[in-house]
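S.K.: Attaching a predicted model along with its sequence, questions to come.
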Amino acid sequence: MATTSTLSNDSSTTNIINTNKIKSLHNLSRSIERALDEAAYTGELILNGRKLRDFPNYSYTNNKCDLSDTIIADLSRNHFIEFPHILCSFFSLERLNLYHNVIKSIPEQIIQIRMLKILDLSRNQLSYIPS
C-alpha cells in the first residue's frame, strides 16, 4: 500500500509541477505580448532577460503590433544565436541592445537601419561583422 500511495503522491507532484510550468509559460507569453503592445505605442521594445532564442512572432498587418517605428530595442540577456533579421526593418531604430546573447554574426542588412546610433553586441560570440 505504501508504494501505491508514493506513486500517487509522485503523480500528483508531477501534475502540479507540469501545471506550474504551463502557467509560467502562459504568463511569459502574455508578458511578451504585453511588451510588444507597449512597444507599438511607446517606441521602446523591452524584452531583456527572457531567455528568448527567437524573436517573438507577430504580424505587421496587426495594427496594434506595428513595431516599424521602434526607436529603442533592448533584447539583452537572452539566448539569440542569430541576429533577429526582423530588426533590420525597424528603420527608426536608434538604440539596439543585444548584449549577452550568443549571436555569431551580423547580417549585411543591418545597414538598412540608417538611424542606428548605439549598437551593443558585447558578450556575444561574434565571428563575422560586415564591412
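M.R.: That came through fine. Residues are numbered from 1 along each chain as shown.
S.K.: Just the terminal-to-terminal distance for stretch 106-126.
M.R.: End-to-end distance of stretch 106-126 (CA to CA, to the nearest Å): 8 Å.
S.K.: residue boundaries of the helices in the chain?
M.R.: 2-42 (DSSP state H).
S.K.: For E108, which non-adjacent residue is closest in space?
M.R.: P130 (4.8 Å; CB to CB, 6 or more residues apart in numbering). (C-beta placed from N, C-alpha, C; glycine too.)
S.K.: ditto for K51
M.R.: K51 sits nearest to H79 (CB to CB, 6+ apart), 5.6 Å away.
S.K.: What separation is there between the one you found and L121?
M.R.: Per CB to CB, to the nearest Å, H79 is found 15 Å from L121.
S.K.: Show me which helix or strand of this structure is least confident by mean pLDDT.
M.R.: Least confident helix or strand, the chain: helix 2-42 with a mean of 67, by mean pLDDT, DSSP states H and E.
S.K.: A35: neighbour count?
M.R.: Neighbour count for A35, taken as other CB atoms under 10 Å: 18.
S.K.: now do S76
M.R.: S76 sits with 20 neighbouring residues when counted by other CB under 10 Å.
S.K.: I figured it hits H100, correct?
M.R.: Yes. Contact between S76 and H100 holds when scored by CB atoms under 8 Å: they sit 5.6 Å apart.
S.K.: Next, the distance between the ends of stretch 39-48.
M.R.: Stretch 39-48 has its terminal residues 13 Å apart, counting by CA to CA.
S.K.: Stretch 48-56 too?
M.R.: 12 Å.
S.K.: Tell me the buried residues in it?
M.R.: Within stretch 48-56, the residues that count as buried by 16 or more other CB atoms under 10 Å are N48, L52, F55, P56.
S.K.: Just the closest of those residues to F83, please.
M.R.: F55 (9.6 Å; CB to CB).
S.K.: show me what contacts that closest one?
M.R.: L75, F80, P84, I86, L87 (CB atoms under 8 Å, 6 or more residues apart in numbering).
S.K.: List the contacts of the third one.
M.R.: Same thing as P84. By CB under 8 Å, 6+ apart, P84 lies in contact with D54, F55, L75.
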